[in-house]
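A.B. asks: Return a 3D structure for these sequence lines:
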Amino acid sequence: MKSAILAATVATATAKTFMAEKFETTKKWVTGGEGWGKSDSEMGEFKHTKGAYGIDEGIQTSPIDQARFYAYSAPLDGEFKNEGKDLVVAYTVKHEQNLQCGGAYIKLLKKGYKPAEFKGGEKETEYAVMFGPDLCGTSTRRTQVIFNYNGKKDGKLNNLQCKDQGKIETDRLSHRYTLIVRPDNTFETQIDGVKDISGSLYDKFDFLLPKKIKDPKASKPSDWVDEAEIPDASDVKPAGYDDIPRTIPDASKKKPEDWDDEEDGAWEPPTIANPDFKEWVQKKIPNPAYKGPWVHPEIDNPEFVDDKAIYNVCKDGCTGVGFELWQVQAGTIFDDVFVGDSVADAEAFAASTFGKKKDGEKALYDEIEAKKKAEQEAAAEKAKAEAEAAKAKEEKPKEADEDEDL
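C.D. replies: Predicted coordinates for the structure are as follows:
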């Protein structure tokens, strides 16, 4: 028991937080995009804001920009290497603009990245992890989890996407997204502290080539019989079957009285399905030569290379985080960014930031929405009353004229 307590104490003492960003200032954040090939009119800006309700001090994709690319990054407090440690990345996302299409994910950047040149596209800046919500209509609605594995493969960044698609939140409240990667090669994502997707990195991502492959020298023998059944030779089609027509004239239909054979041609009654016709299908029997399905034999994959530490995505060092996005409708607020090697520290940071904000935010949001609804209803009632008054005013002179005629 004492050893367990000691181990926990040592782990807490050695845990380190590399970013705990509340966005009280944005001095260390740098706009990127150099060398991306995008014009100034295509690039959007992040602004420091407290949001529409005055309680979200964070960075926001500028609401005045629409259909823009964004690139914004900041250094970590030191170089993070996660060998033998948990890796925790967490942050809050709030779509004030009712986002319909756009990304809201964060990237953990590798050592050597250049803030001013941070970008996406074909010249994408290499990253260790990309994580967060991605939304576009009904076709794309997922929380992305992507790891880079050993840099490049075949000249392209070897970025591996999770086979499971995490859920996303699309309302206008703040939500906290958390990714945990553990030294036992497992991972977990959370939304507002509730587990979403999790499992083995080996199972959920294609980090490694398969251990076994089909033997390229083997092929199915030419005399292999894989038909389980064959036609029953003793079952023959009944005599005269082919003489039975599929359709017959409809006896209930008579030639119209005004039908003229000379002008309209010979009249033929419409046809109906022949009740005496039945589709004949030859019976089948088990195939005595059946050998079962042929299974391609496998051999050890000569290109397979094992890796017991695929979790170690920052083995060469991670030194920054960034938001590299495309948004059709801008206005997303990002806040409370955490990067570190302690789940407990991440949860404590979340409790002191997102935890204190979310209840007050919802209450304020509900109050504002209730006030907005009341104003809309009052305006509708006022418009209705004015319309009725105008109608009554139009009808009054007519009533006066009718009284004079009497």
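A.B. asks: now what about stretch 337-357, what contacts it?
C.D. replies: 11-12, 15-22, 55-56, 76, 80, 82, 85-92, 106, 108, 174, 176, 178, 180, 193, 318, 321, 335-336 (CB atoms under 8 Å, 6 or more residues apart in numbering). Every C-beta, even on glycine, is put in place using the N, C-alpha and C of the backbone.
A.B. asks: mind listing which of these are in strands?
C.D. replies: 17-21, 76, 80, 87-92, 106, 108, 174, 176, 178, 180, 318, 321, 335-336 (DSSP state E).
A.B. asks: any idea what sits nearest residue 23, other than its immediate chain neighbours?
C.D. replies: Closest residue to residue 23 apart from its sequence neighbours, by CB to CB, 6 or more residues apart in numbering: residue 58 at 4.7 Å.
A.B. asks: so what's the one you found up against?
C.D. replies: Neighbouring residues of residue 58 by CB under 8 Å, 6+ apart: 23, 48, 49, 51, 92, 94, 333, 334, 335, 336.
A.B. asks: what's the spacing between the residue nearest in space to the middle of the chain and residue 180?
C.D. replies: Nearest to the mean C-alpha position of the chain, by CA atoms, centre = their mean, lies residue 142 at 1.9 Å. Separation of residue 142 from residue 180 (CB to CB, to the nearest Å): 18 Å.
A.B. asks: doesn't residue 73 make contact with residue 115?
C.D. replies: Yes: Residue 115 lies in contact with residue 73 (CB atoms under 8 Å); the separation is 5.1 Å.
A.B. asks: Please enumerate the shared neighbours of the two.
C.D. replies: 30, 32, 320.
A.B. asks: what's around residue 269, how many residues?
C.D. replies: Other residues lying near residue 269 total 13 when counted by other CB atoms under 10 Å.
A.B. asks: do residue 197 as well
C.D. replies: 20.
A.B. asks: which other helices and strands contact the helix or strand containing it?
C.D. replies: Here residue 197 is covered by strand 194-200, with elements defined by DSSP states H and E. On a contact count with 3 or more CB pairs under 8 Å, 6 or more residues apart in numbering; DSSP states H and E, strand 194-200 meets strand 140-153, strand 186-191.
A.B. asks: For residue 272, which of those strands is the nearest?
C.D. replies: With CB to CB as the criterion, residue 272 lies closest to strand 140-153 of the helices and strands packed on strand 194-200, at 50.9 Å.
A.B. asks: right, and the helix or strand after the closest one?
C.D. replies: Following strand 140-153 in sequence, per DSSP H and E, is strand 156-161.
A.B. asks: what angle sits between that next one and strand 140-153?
C.D. replies: Angle between the axes of strand 156-161 and strand 140-153 is 140 degrees (criterion: axes from the mean of the first three to the mean of the last three CA atoms, to 10 degrees).
A.B. asks: Show me what strand 156-161 is packed up against.
C.D. replies: Checking 3+ CB pairs under 8 Å, 6+ apart, strand 156-161 ends up next to strand 140-153.
A.B. asks: So which elements touch the strand it packs on?
C.D. replies: strand 127-136, strand 156-161, strand 186-191, strand 194-200.
A.B. asks: What number of residues are in the vicinity of residue 131?
C.D. replies: If we define neighbours as other CB under 10 Å, then residue 131 has 25 of them.
A.B. asks: from now on call the first residue 44
C.D. replies: Sure, I'll start numbering at 44, so the last one becomes residue 174.
A.B. asks: For it, give its distance to residue 382.
C.D. replies: Counting by CB to CB, the gap from residue 174 to residue 382 is 11 Å.
A.B. asks: Residues that sit against both of these two, list them.
C.D. replies: Taking CB under 8 Å, 6+ apart as the contact rule, residue 174 and residue 382 both touch 132, 151.
A.B. asks: returning to that earlier point: of all the shared contacts of residue 158 and residue 116, which comes closest to residue 310?
C.D. replies: For those, the nearest to residue 310 is residue 75 (81.4 Å; CB to CB).
A.B. asks: okay but that closest one is in contact with residue 365, surely?
C.D. replies: Yes: between residue 75 and residue 365 there is a contact under CB under 8 Å: 7.0 Å.
A.B. asks: what residues do these two have in common as contacts?
C.D. replies: Joint contacts of residue 75 and residue 365 (CB under 8 Å, 6+ apart) are 114, 115, 116, 161, 168.
A.B. asks: Just give the closest residue to the third one, not the sequence neighbours.
C.D. replies: In this structure, residue 116 finds its nearest non-sequential neighbour in residue 365, 3.2 Å apart by CB to CB, 6+ apart.
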